[in-house]
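K.L.:
curious how this folds, go ahead:
(2 chains)
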Amino acid sequence: MRMIAIAHNTFREAVRDKVLYVLLFFAASAIVGSKALGWISIGQDIKIVKDISLAAVSVFGVLIAIFVGTNLVYKEIDKRTIYTIVCRPIHRYEFILGKFAGLAILLAIVTGLMTGVAALYVLVLGGSVNLTFFTAALLIYWQLLLLTAMAVLLSSLTSPILGALIVFSAYLVGHATSILHDLPTVLKESWSGRLLEFIYYVLPNLSNFDIRAEAANGVEVSMLYVVWALGYGTLYTAFLLGLASLAFEDKDV
Amino acid sequence: MSWKRVIAVLALTAVALGGTSLTQIRMDNLRERKFDDELLYLPNEKLLNHFTGGMSSVIADFLWLRCIQYTSQHFQSDNKFTWLAEMGNTITRLDPYFVDAYRYTGIFLAGLKADDDASIELMKKGFIENPEAWELPYETSMVYLLNRREEPGSAAIAAHYLGMAVATERAPESVLAIAQGLERKHNLNDVARQIWQDMLANSNDELRKNMAKRKLMELDIRENAAALERIAQEFEKAQGRAPANIDELVTAGYLTQLPPDPLGGRYFLEEGHVENTTLLDDLVQRKLDVVRKQVEKFTRESGRPPKTLEEMVESKVVTSTPSHPYKGRTWKYDPQTGEVSP
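P.N.:
Residues are numbered from 1 along each chain as shown, chains lettered A, B, ... in the order given. Below you'll find the predicted structure:
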């Protein structure tokens, strides 16, 4: 119940943030404007609209998760409003989970809204949207949850700017981890190869959540793959939230 | 805000944007060759995939637009398309499901650059990633029909690719009509027979002679199977039911004996069609090669063989695996060794 109250307040606070609307405006502009690129694409306009729409959902979702997420805990400490919360009978982990849940609800609404607008736009343009399109949006949302958990962890450890930089770097690195895995056979046998392999498994592999090419081209993706990707995301997010709770538990506010 | 201020803002905007536009035009002229130059620095497509930040599909779209601009610019100027194949390979590496990028780059390569080899190679790459796309074998057949029509056997190869397009069961009726028309017009069995007979007569190489002999026998088997199918249809028309098996055509007096298979196979009836084990075994080998290559690709990318053949599709490494040519049979697969057998 206490956690729900914190989630509710976090959601209300985030909705009032003007950055959210600026980002949503740019996302909508990118989705609607993508049609212009289709004019010179030899009949690929629907594919390009789908590609750019899903990319917009992902990029602007990440920006919201970073800008709002890295401020969540830090702002409470900075403005000293944290004292009014920690002096009440509430566990610190409840505070962290409540903050995360509030932003997760906001991201669900934003992702759902952007996906809905994109799907509607594709239909208006005469295209069709299949299940893979919505599955791709679901996996994008799961990726955003993971990044939000990371942002919450960093928000309780460091300043918003440094936190934002780290989460954004993690987003870029998380999509490039496969290079650590696709090593030449000679290197794979060596210690450095094994170390790189270890790093590959430890870092969050965000390309697991990327089925946008399949969605844009109408290629089916097996539900088993989706379930495993969701499982991976849930596990990693839970781990990061656990770390965030531990970090905040020991924090001297 | 007073109207004077509005006019001042508008005038300032017009002057500023006019100034920047003129400057841009001047800079574009100074960097006239920039467009082609920047293609020189296009990263290796294998590396590029790792550094797109999850945007590989969108980058493929932008590269595709660049590819169209590039083709259009050179079509209107020097007709040189040096980077076209490179661009096609990079786009399709970034988005392996982008069927129209394979298709149109293939058409541009064959039609504008007259580089049939690069065109066919790109479209064949597309077959592996998108076995259900009828457009790619269809366009490949067109390259053989239009660009290589003078070459002996090109009509037969074109018919082979048209057959592949029809086999996807997604090709429009018009493609089926072209395939049937090609078959009738060129009498492809006769064309193929002529090619193999020439090779048998003129080649000094024993291997080529043996291959020609085998191909001629396969042609006989194909013609025999087609003739048996026609007799089976006559039987059905007369008796009001399909023959229970191929031997019934002999016992009912439609044939004195079944034609021999010089390669040791046998004919049999399958859902109203006459099949032959020699031809099917050959098809098994060709499809098996495709499945083995898919397993190799999965092993290369994942560092281990797939647990099942279905895993290759589930994990998005391939979009589908070829079905076994014999009805009711499936490929035997050993997940420990990654070995596939018929």
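K.L.:
could you point out the longest helix of chain A?
P.N.:
helix A:92-124 (DSSP state H).
K.L.:
near chain B, anything from that helix?
P.N.:
No. Using Cβ under 8 Å from any Cβ of the partner chain, helix A:92-124 stays clear of chain B, coming no nearer than 13.5 Å. All C-beta atoms are positioned from the backbone trio N, CA, C, and that covers glycine.
K.L.:
I'd guess B:Glu275 is in a strand, am I close?
P.N.:
Yes. Counting by DSSP: H, G, I helix; E, B strand; the rest coil, B:Glu275 falls inside a strand.
K.L.:
that one reaches B:Asn224, doesn't it?
P.N.:
No. Using Cβ atoms under 8 Å, B:Glu275 is not in contact with B:Asn224, being 11.7 Å away.
K.L.:
hey, what's in contact with both of the two?
P.N.:
B:Tyr267 (Cβ atoms under 8 Å, 6 or more residues apart in numbering or on different chains).
K.L.:
does chain A sit close to the strand or helix carrying B:Leu109?
P.N.:
B:Leu109 is part of helix B:99-111, with elements assigned from DSSP states H and E. Yes. Using Cβ under 8 Å from any Cβ, helix B:99-111 reaches chain A at B:Val99, B:Asp100, B:Tyr104.
K.L.:
buried subset of those, written for PyMOL?
P.N.:
Here is the PyMOL command that picks out the buried ones among the residues of helix B:99-111 next to chain A, judged by 16 or more other Cβ atoms under 10 Å in any protein chain shown:
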select buried, chain B and resi 99+100+104
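K.L.:
so how far is stretch A:32-52 from its chain's centroid?
P.N.:
25 Å (Cα atoms, centre = their mean, to the nearest Å).
K.L.:
list the buried residues for the top helix by length along chain B?
P.N.:
Taking DSSP H as the criterion, chain B has its longest helix at helix B:206-239. Within helix B:206-239, the residues that count as buried by 16+ other Cβ under 10 Å are B:212, B:215-216, B:218-221, B:224-225, B:228, B:231-232, B:235.
K.L.:
show me what that helix is packed up against.
P.N.:
helix B:188-202, helix B:248-251, strand B:267-270, strand B:273-276, helix B:277-302 (3 or more Cβ pairs under 8 Å, 6 or more residues apart in numbering or on different chains; DSSP states H and E).
K.L.:
so what does the third one touch, helix or strand wise?
P.N.:
Read it as strand B:267-270. helix B:206-239, strand B:273-276.
K.L.:
what sits against whichever residue of the stretch 151-300 of chain B sits closest to chain A?
P.N.:
Residue nearest to chain A within the stretch 151-300 of chain B: B:Arg300 (8.3 Å; Cβ to the nearest Cβ). Residues near B:Arg300 by Cβ under 8 Å, 6+ apart: none.
K.L.:
sorry, back to before: so how far is the next helix or strand after the longest helix of chain A off the chain centroid?
P.N.:
Where DSSP H and E defines the elements, the next helix or strand beyond helix A:92-124 is helix A:131-155. Distance of helix A:131-155 from the chain centroid (Cα atoms, centre = their mean) equals 3 Å.
K.L.:
list the buried ones in helix A:131-155?
P.N.:
Along helix A:131-155, these residues count as buried under the neighbour rule (16+ other Cβ under 10 Å): A:132-133, A:135-155.
K.L.:
quick one: mean pLDDT for that helix?
P.N.:
Across helix A:131-155, pLDDT averages out at 94.
K.L.:
report the angle between that helix and helix A:92-124.
P.N.:
150 degrees (axes from the mean of the first three to the mean of the last three Cα atoms, to 10 degrees).
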